[in-house]
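Trainee: I need the structure of the sequence given here:
(chains A and B)
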Amino acid sequence: MPSGEKRREIDSLLVAVSEGEEAAFASLYDATAGVVYGLALRVVRDQARAEEIAQETFVQVWRQAPRFDRERGSAMAWITTIAHRRAVDLVRSEQASRDRIKRAAVARPDTPFDSVASEVEEASDAALVRAALTNLTDVQREALSLAYFDGYTYREVAEIVQAPLGTVKTRIRDGLQQLGKLMGVGDG
Amino acid sequence: MDDLRDLAAAYVVDALDDIERAAFERTMASDPDLSAHVADLLEVSSTLADAATAEPPARLKDAVLARVADAEQERPSGLVFTRSTRWMGAAAAALAVAAIILVLVAVSGTTSNQDRIDDVFAASDRVDLALRSDAFSATFTYSLDLQRGVFDSGSIPPISQEQTYQLWLTDAAGPVSAGIFSPQDDGLTRVLVEGDVAPGKTLALTIEPQGGSEQPTGDVLATAAIS
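Mentor: Numbering: from 1, shown residues only, chains lettered A, B, ... in the order given. So this is what the prediction gives:
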């Protein structure tokens, strides 16, 4: 999550967007497109599809901005959640679960951020969360990564890592909780 | 609720399948504590997105801005407001002035106008639309057969002497004034709207300087789409 100051800036931009201000929307795009596009690209692993997902995400943000309820969380969380769900739904609709599990068994990336992601500056938001992720246990990081970055369901993750369903759910839950503490976000 | 919290974590990283996700969302809808917990978790899971940051191609921004230029925003009340950058031409402006005069007569409340108002409420094809904003709720009742509507100002707050509320009927060709009014102290103001009350038009409400304007200058407070 971007620093508190940047997060608040994005919240303010969204308020202006909700009033129909196109200039604010362009600024919102500038502030968030790297994350939205990068996330889509990492999940769907295809530039054209990632661009489509990013485009649909931003159009949805524009359309629904007036209905966004500030009480329910940050603008950034809302925006990334839209993008993430679209990306995950796309990969699941395009390839059968069986095939996707097979692919994972063959080629599991060591880290959630492999060569698909571009270089990031030290101490940038990206570097911060990557550093936080190294502080999770291996199995927590693995479960979170397979779920979040590869779009597997927890059942599929359980099959890939050969662990019980309950164990995988716990790893995802504990991993998130730990991440929250490290990033100072959420109720952690 | 251990089980629910496990599911909540899986839910926020989109690790539930479609059926589980739908079931979980139903559970959330009736459990505010769970919803609040999920909202907190979403703040955490969204930090993961940063790890994947990548520079998008320049054409993406062009494509997004082009799409948004034509896209309508969803108003909080569920009404759709169509942004039109084309306002009135000279001919329509003349019509608007005539419309203001007509409706000023209507608002003065002569008996025949009361009949015309009653007819709308009695019409067999009567439609009632709500116009809502944070500050008030009002209604617009219309009949396509009669090509006539009645705007009831409901809980609209009073405004200063230097200002007036103004109604507009708009479509792709632009807005035409449909009347001006100031809410009465006893709260009830009904404005007879005659003229082009037809499908495809939108009734809009703005605040204008006293006496009304030829074209809208104030922010649109609420709209209702006639269909």
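
Trainee: in the chain, which helix has the most residues?
Mentor: By default, I'm working from chain A. helix A:22-44 (DSSP state H).

Trainee: switch to chain B, that's the one I care about
Mentor: helix B:32-51.

Trainee: out of everything not next to it in sequence, what's closest to residue 61?
Mentor: No chain was given, so I picked chain A. A:Ile79 (5.7 Å; Cβ to Cβ, 6 or more residues apart in numbering or on different chains). Backbone N, C-alpha and C define where each C-beta goes, glycine included.

Trainee: try chain B instead
Mentor: A:Tyr29 (6.0 Å).

Trainee: buried ones in the helix or strand that contains A:Ala131?
Mentor: Using DSSP states H and E, A:Ala131 sits in helix A:125-133. Neighbour-count burial for helix A:125-133 flags A:Asp125, A:Ala126, A:Leu128, A:Val129, A:Arg130, A:Ala132, A:Leu133 (criterion: 16 or more other Cβ atoms under 10 Å in any protein chain shown).

Trainee: my read: the first one touches B:Asp50, true?
Mentor: Read it as A:Asp125. Yes. Using Cβ atoms under 8 Å, A:Asp125 is in contact with B:Asp50, at 4.4 Å.

Trainee: thinking again about what came up before, mind listing what's buried along the longest helix of chain A?
Mentor: Buried residues in helix A:22-44 (16+ other Cβ under 10 Å): A:24-29, A:31-44.

Trainee: for the spatially closest residue to B:Ser213 that is not a sequence neighbour, helix, strand, or coil?
Mentor: Spatial nearest neighbour of B:Ser213, chain neighbours left out: B:Gln166 (6.6 Å); criterion: Cβ to Cβ, 6+ apart. Following DSSP: H, G, I helix; E, B strand; the rest coil, the label given to B:Gln166 is strand.

Trainee: Count the neighbours of B:Gln166 for me.
Mentor: The tally of other residues near B:Gln166 (other Cβ atoms under 10 Å in any protein chain shown) stands at 27.

Trainee: where are the low-confidence patches of the chain?
Mentor: The chain I'm using is chain A. A:1-2, A:107-123, A:187-188 (pLDDT under 70).

Trainee: meant chain B actually
Mentor: For chain B (pLDDT under 70), the answer is B:1, B:76-112, B:184-188.

Trainee: Just the strands from it, written as ranges.
Mentor: With DSSP state E as the criterion, chain B has strands at B:73-74, B:80-81, B:127-132, B:137-143, B:148-152, B:163-171, B:174-181, B:190-194, B:202-209, B:220-225.

Trainee: Pipe these into TSV and attach distance to B:Val12 per row.
Mentor: Below are the strands of chain B laid out as TSV (distance: least, Cβ to Cβ, whole Å):
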stretch	distance to B:Val12
strand B:73-74	24
strand B:80-81	30
strand B:127-132	32
strand B:137-143	36
strand B:148-152	45
strand B:163-171	42
strand B:174-181	44
strand B:190-194	48
strand B:202-209	39
strand B:220-225	35
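
Trainee: and of the ones you listed, who's closest to A:Gly20?
Mentor: When those are compared by Cβ to Cβ, strand B:73-74 sits nearest A:Gly20, at 6.2 Å.

Trainee: Adjacent strands (with direction) for that closest one?
Mentor: strand B:80-81 (antiparallel) (DSSP bridges).

Trainee: neighbours of the nearest residue to B:Asp152 once chain neighbours are set aside, just the number please.
Mentor: Leaving aside its chain neighbours, B:Asp152 sits nearest to B:Thr139 (4.8 Å; criterion: Cβ to Cβ, 6+ apart). For B:Thr139, the neighbour count with other Cβ under 10 Å is 16.

Trainee: again, but for A:Glu19
Mentor: A:Glu19: 11 neighbours (other Cβ under 10 Å).

Trainee: swap in B:Ala58?
Mentor: B:Ala58 - counted by other Cβ under 10 Å - has 8 other residues nearby.

Trainee: how close does it get to chain A?
Mentor: 10 Å (Cβ to the nearest Cβ, to the nearest Å).

Trainee: residues contacting the nearest residue to B:Leu146 once chain neighbours are set aside?
Mentor: Closest residue in space to B:Leu146, ignoring its immediate chain neighbours: B:Ala123 at 5.7 Å, by Cβ to Cβ, 6+ apart. Listed by Cβ atoms under 8 Å, 6 or more residues apart in numbering or on different chains, the contact partners of B:Ala123 are B:Ser143, B:Asp145, B:Leu146.

Trainee: Repeat that for A:Lys102.
Mentor: By Cβ under 8 Å, 6+ apart, A:Lys102 has no neighbours at all.

Trainee: tell me the secondary structure for it?
Mentor: Assignment for A:Lys102 (three-state DSSP): helix.

Trainee: same question, A:Val185
Mentor: coil.

Trainee: How many residues are close by it?
Mentor: That count, for A:Val185 with other Cβ under 10 Å as the rule, works out to 24.

Trainee: ok, now how distant is it from chain B?
Mentor: 5 Å.

Trainee: For that residue, which non-adjacent residue is closest in space?
Mentor: B:Glu43 (4.9 Å).

Trainee: what sits against that neighbour?
Mentor: Applying Cβ under 8 Å, 6+ apart to B:Glu43 gives the contacts A:Met1, A:Gly73, A:Ser74, A:Ala77, A:Gly180, A:Val185, A:Gly186.

Trainee: Contacts only, for the last one.
Mentor: Spelled out, it's A:Gly186. A:Gly186 touches A:Gly180, B:Asp40, B:Leu41, B:Glu43, B:Val44, counting by Cβ under 8 Å, 6+ apart.

Trainee: Over to B:Val197?
Mentor: B:Tyr142, B:Ser143, B:Leu144, B:Leu146, B:Gln147, B:Arg148, B:Gly149, B:Leu169, B:Ile226.

Trainee: 6 Å instead, please
Mentor: B:Tyr142, B:Gln147, B:Arg148, B:Gly149 (Cβ atoms under 6 Å, 6 or more residues apart in numbering or on different chains).

Trainee: In this model B:Gly149 seems to touch the first one, though I could be wrong.
Mentor: Put plainly, it is B:Tyr142. Yes. Contact status for B:Tyr142 versus B:Gly149: in contact at 3.2 Å, counting by Cβ atoms under 6 Å.
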